[in-house]
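Asks: can't give you the sequence, but here's the structure:
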Ligand code: HMG
Ligand code: MG
């Protein structure tokens, strides 16, 4: 039993581009975000207000967010790691932010220079202050199906963090398989455990496709009632703190599966495929999506 509509959260401009070695001009990022919104995507994560010392590619976050021609009805969340990031995001006109934490101490240390408990303490005032200021707050829990440094991650730790983030007032918590090691049985069981804690409507799926499992994992969770899925146009990306991780599930391939299942997304697939080919060409590579590589669909 699948749902009749899925909301796709496009993360390519942030999760995809944060890992690009070559500088990508702010104007290109802005054009990508605007083109994605024009495809009918309801949510386009635009950039991140993290430390430019840690992620140089996102140093132009303010320029990108402030330079966007925003479309009515489209949300443009931005990643924020701390109060300094929140201040920068607000100054640039952010209306939705996303906070993030991993379910692994080892990963948090490398990604944000804090233990899990320190990270939770750090993001607590960020969420509170953002909500007080009238912003909406999304959250990510990373490494939910495995960590590149510590290996196995306890589902109970993921559930603990999901519940904590929901209690803080985050409207949606996205389950990140940061290195794409999950398989459908485990993805399904984890989704069910998190849904038991906060309900299916509060959860999103954020599966990287490193092991080619992302679409299968999404399908398994759809059967459990998942209705929000993160994806990256042309399969852009990886993770700067998770070596070898490839990009998120490609948005084009996700849309193709969902429409094939009779699930509405509001996305114009032809236009999306064209956008994926365009940004891939700009970056000098072939699209990592399957659909982007098919010359003519039957
Ligand atoms: P730190 O070095 O411990 O922090 O980094 P600090 O407070 O000591 O700051 C160090 C310097 O950075 C200072 O500058 C700060 O001002 C500056 P200095 O005094 O040396 O000149 N700084 C900032 N500048 C601008 N904006 C800020 C900011 N904060 C500090 N917001 C920190 C701690 C968290 C800041 C750092 O580790 C960081 O920015 N990490 C971000 C890493 C990152 O972006 N990772 C990728 C995103 S997570 C992801 O991709 C996973 C996800 O996709 C889900 C999934 O796949 O599972 C979401
Ligand atoms: Mg990610």
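Replies: Sure thing, it's come through. A quick note: this is a predicted structure, and the numbers were derived from the prediction, not measured. Ligands and ions are numbered 1, 2, ... in the order given.
Asks: wait, is residue 253 part of a helix?
Replies: Yes - the assignment for residue 253 is a helix, going by DSSP: H, G, I helix; E, B strand; the rest coil.
Asks: Was I right to think it contacts residue 215?
Replies: Yes - if you go by Cβ atoms under 8 Å, residue 253 and residue 215 touch, sitting 6.2 Å apart. Where you see a C-beta, it was placed from the backbone N, CA and C, and this is true even at glycine.
Asks: beta partners for the closest residue to ligand 1 within the stretch 151-298 of the chain?
Replies: Here the stretch 151-298 of the chain gets closest to ligand 1 at one residue, residue 176, 2.2 Å apart by Cβ to the nearest ligand atom. Counting by DSSP bridges, residue 176 is bridged to residue 206.
Asks: quick one, strands of the stretch 151-298 of the chain?
Replies: With DSSP state E, counting those that start in this stretch as the criterion, the stretch 151-298 of the chain has strands at 172-177, 203-207, 228-231.
Asks: residues from the stretch 1-150 of the chain in reach of ligand 1?
Replies: Counting by Cβ under 6 Å from any ligand atom, the positions of the stretch 1-150 of the chain adjacent to ligand 1 are 15, 18, 48-55, 79, 81-82, 84-85, 88, 100, 111-113, 140, 142.
Asks: could you redo the last one with a cut-off of 8 Å?
Replies: Applying Cβ under 8 Å from any ligand atom, we find that the stretch 1-150 of the chain lies next to ligand 1 at 11, 14-15, 18, 48-55, 58, 79-82, 84-86, 88, 98, 100, 102, 111-114, 122, 140-144.
Asks: Among the residues you listed, name the buried ones.
Replies: Among those, those classed as buried by 16 or more other Cβ atoms under 10 Å are 11, 14-15, 18, 48-51, 55, 58, 79-82, 85-86, 88, 98, 100, 102, 111-112, 114, 122, 140-144.
Asks: Contacts only, for residue 75.
Replies: By Cβ atoms under 8 Å, 6 or more residues apart in numbering, the residues touching residue 75 are 42-44, 95-96, 136.
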